[in-house]
Each structure stands twice: as structure tokens, then as C-alpha cells.
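> below are the sequence and a predicted model; questions follow.
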Amino acid sequence: MTTSPQHLEKESVRQKVREGYGKIAVTDSGCCGSGVSCCGSSPAAAEELVRHIGYSSDDLAVLPEGANMGLSCGNPTAIAALQSGEVVLDLGAGGGFDVFIAGRKLGATGRAIGVDMTAEMLAKARRNAAVYRENTGLDNVEFRLGEIEHLPVADASVDVIISNCVINLSPDKPQVWREMARVLKPGGRVAVSDLALLKPLPEAVVGMVEALIGCVAGAVLVSETERMARAAGLVDIVLKPKPDYVAGMTDWNDPLYQQILTHLPAGAKATDYITSLEVQARKPVAEKKCCG
């Protein structure tokens, strides 16, 4: 059986992402320096970032050390309206940051499942899970190795899907949205924070490996995100651009964003092209069939 060029290209992208985030997992710091960075941050800078995008002191209080690596571009747990007893799935869970925050909200009768394709991140998350159990007394989180295009999760088994700055990294985003629809229960909901484009980026930026790892080069237009969610069968789609994240990265002189600025037209700002995007959607409830 021959492998298509398109398939090889997707695997190449996936491998670059896996290698980049594997490196972040084992170094416990950002790949772009010691400050706030979209491709991982030092512990102090990572806390500054997540507070800037809306995480509370209560959210951060019992997190295992190192779970927050500064890889967030939004706060999906805040928009998910999580309820006690629900089953939550986090796509691209990393070191477990949002899984642990979700787990506390779900309580002992709920379950938070994190999926990540990077073995180093998975190992880190599982180590962190032991600390989480000690800190909270809860045994309601787990982490599975897998790709978000092929989720290791049963059909119609999840109440809520969250994801934080990960879907843009996928080389096959329509498949990710189809998988999300597959694993959601009827009536289940999506609460995603991701990076998206307000208009296409210059080709020079798209080709930067650093931009890919930093969640920029793989981002698609806001309208394309809506189209993929709708094509997957999701409804009640709400898209909310959140420019503060990108503005903050620029103000903090994030190395990636500084590099991006050099490729933009004179006078242009990163916020003219890139935004953090909150995405909410729902899987429709199956219609009852009449037996008349």
C-alpha cells in the first residue's frame, strides 16, 4: 500500500509538534526563554500568564508543581459550566493543568480524562496525578496516550470536551471536530480555547516551525473553525474572539510574536491577524422516533 504525499505531510507536522512539546515537558521551561512565552514559560511567568487570561487563585491553589507550563491561551474550564458528576475530556492535556482544575469542579462522582500524543507529557501528567490525589483526596482523573484525531474514547461517553490551545496544532482539524462529535453524548457540549486567524498570515510566518509549536502557523480563520464544527454535526455554535491574550504576548515581548512582527506589513499588529478564540457548541439531542 502506498502512502500519499498528503499523509506524509500530516505525519511530518505531527512529529514536529510531538518533538517540540516533548522537549517542553522534560525541560520544565519554555522553549523560547525564561519569560512569558506561548511555547512554554518558566513557573513564575506561567502563573502570570494564566492569571492574565482569567484563572483564579482558587483554580491554582492545589495544582501539582509543574502542571502549569504556560501553554494556555484561554480558560476553557470557565466557559464549560462544569457540573458535579460529569465526564470531561481534555484534548491535548499536556501536564494535566486543565484536567486537575476540572477534576475539582466535578467532584468524586465525576471524571476528567486527558488525552495527549506526547509520551513525555503523558508521563508528567501521570506523576502530577499522584500529587493531585494527595492534595485533593480525589481519585477522579486519568490520562491516555492518543492523538486527538483518533481519540481513545468510546462513542457517546463524554458530557463535556475542553481543549486549550491545541486543536490549531492538528494537521487534520476536520477529523478532530468529527471525533469530538463522536465521543460526545447527545446534548453534550464543547468549550474550547484556541488560537484563530482574523485574516491569513503571511507565508513567511506560516513556514516557521517555531510558530507551529507556538500555536500560530497551524491556526485557521475564525469562519473556518465554525464551518468545521458545523460540518461535524455540532449546533448552537458560539465564537468569541479574545484579543487580550495576543496583546499580552506582544506586550511581554514574547520571542515568537516579536519574530512574527518582523514578517508583517509596516504598522500592522499581531492582533490584526491572530486572536484567542472561545468556541462553544453542542451535540444535538437525538430526535425521538414516533412509533405510530
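Happy to help now that I have it.
> when you work out contacts or count neighbours from here on, use the C-alpha atoms and nothing else.
Will do.
> where along this structure do the helices fall?
For the chain, applying DSSP state H gives helices covering 5-27, 43-52, 57-60, 76-79, 97-106, 119-136, 173-183, 203-206, 209-213, 222-231, 244-251, 255-261.
> and the ones you listed, which one averages the lowest pLDDT?
Mean pLDDT is lowest for helix 209-213 among the helices of the chain, at a mean of 53.
> of the helices of the chain, which is nearest Val87?
Closest approach to Val87 among these (C-alpha to C-alpha): helix 97-106, 8.0 Å.
> in the closest one, what's buried?
For helix 97-106, burial by neighbour count (16 or more other C-alpha atoms under 10 Å) applies to 97-106.
> ends of stretch 69-83, what's the gap?
26 Å (C-alpha to C-alpha, to the nearest Å).
> same check on stretch 97-114?
10 Å.
> cool, stretch 134-153 as well?
27 Å.
> same check, this time on stretch 192-202
End to end - C-alpha to C-alpha - stretch 192-202 spans 26 Å.
> also stretch 52-68?
14 Å.
> do I have it right that Leu122 meets Ile113?
No - Leu122 lies out of contact with Ile113 (C-alpha atoms under 8 Å); the separation is 11.7 Å.
> shared neighbours, those two?
Common contact partners of Leu122 and Ile113 (C-alpha atoms under 8 Å, 6 or more residues apart in numbering): 143-144.
> for Pro200, list the residues it contacts.
220-221, 273.
> what about 7 Å?
Tyr273 (C-alpha atoms under 7 Å, 6 or more residues apart in numbering).
> ok, it to Gly207 distance?
13 Å.
> let me know which of the helices of the chain is tucked in deepest.
Mean neighbour count, computed with mean count of other C-alpha atoms under 10 Å, is highest for helix 97-106 among those, reaching a mean of 26.
> so how far is that one off the chain centroid?
14 Å (C-alpha atoms, centre = their mean, to the nearest Å).
> list the contacts of it.
59, 63, 67-68, 77, 82-86, 90, 93, 111-114, 140-141.
> please repeat the previous calculation with a cut-off of 6 Å.
Applying C-alpha atoms under 6 Å, 6 or more residues apart in numbering, the external contacts of helix 97-106 come out as 59, 67-68, 83-85, 112.
> what's the answer for stretch 174-181, then?
148-149, 228-229, 232.
> so what's the residue count around Ala154?
A total of 10 residues lie near Ala154 under the criterion other C-alpha atoms under 10 Å.
> measure it to Glu179 for me?
From Ala154 to Glu179 the distance is 10 Å (C-alpha to C-alpha).
> mind checking how far the residue most central in space within the chain is from Leu198?
The centroid of the chain falls nearest to Asn164 when counting by C-alpha atoms, centre = their mean (2.5 Å). Applying C-alpha to C-alpha, the value for Asn164 to Leu198 is 19 Å.
> ok, now Val131?
In terms of C-alpha to C-alpha, Val131 sits 40 Å off from Leu198.
> one more: Arg189?
According to C-alpha to C-alpha, Arg189 and Leu198 sit 25 Å apart.
> when these two are compared, which one has more neighbours?
Neighbour count, other C-alpha under 10 Å: between Arg189 and Leu198, Arg189 has more, with 27 against 16.
> could you check the pLDDT of the more buried one?
98.
> how long is stretch 44-59 end to end?
Using C-alpha to C-alpha, the end-to-end distance of stretch 44-59 comes out at 16 Å.
> any idea how far it is from the chain center?
Worked out by C-alpha atoms, centre = their mean, stretch 44-59 lies 16 Å from the chain centre.
> likewise stretch 105-125?
13 Å.
> likewise stretch 66-81?
In terms of C-alpha atoms, centre = their mean, the centre of stretch 66-81 is found 8 Å from the chain centre.
> with stretch 226-241 instead?
Worked out by C-alpha atoms, centre = their mean, stretch 226-241 lies 16 Å from the chain centre.
> how long is that stretch end to end?
Start-to-end, stretch 226-241 (C-alpha to C-alpha) is 12 Å.
> cool, and stretch 69-84?
End-to-end for stretch 69-84, by C-alpha to C-alpha: 27 Å.
> now do the contacts for Ala191.
Ala191 touches 76, 80, 162, 279-280, counting by C-alpha under 6 Å, 6+ apart.
> need these in JSON lines with distance to Ala247, can you?
Listed next are the contacts of Ala191 as JSON lines, based on distance: C-alpha to C-alpha, whole Å:
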{"residue": "Pro76", "distance to Ala247": "19"}
{"residue": "Ala80", "distance to Ala247": "24"}
{"residue": "Ile162", "distance to Ala247": "23"}
{"residue": "Val279", "distance to Ala247": "19"}
{"residue": "Gln280", "distance to Ala247": "23"}
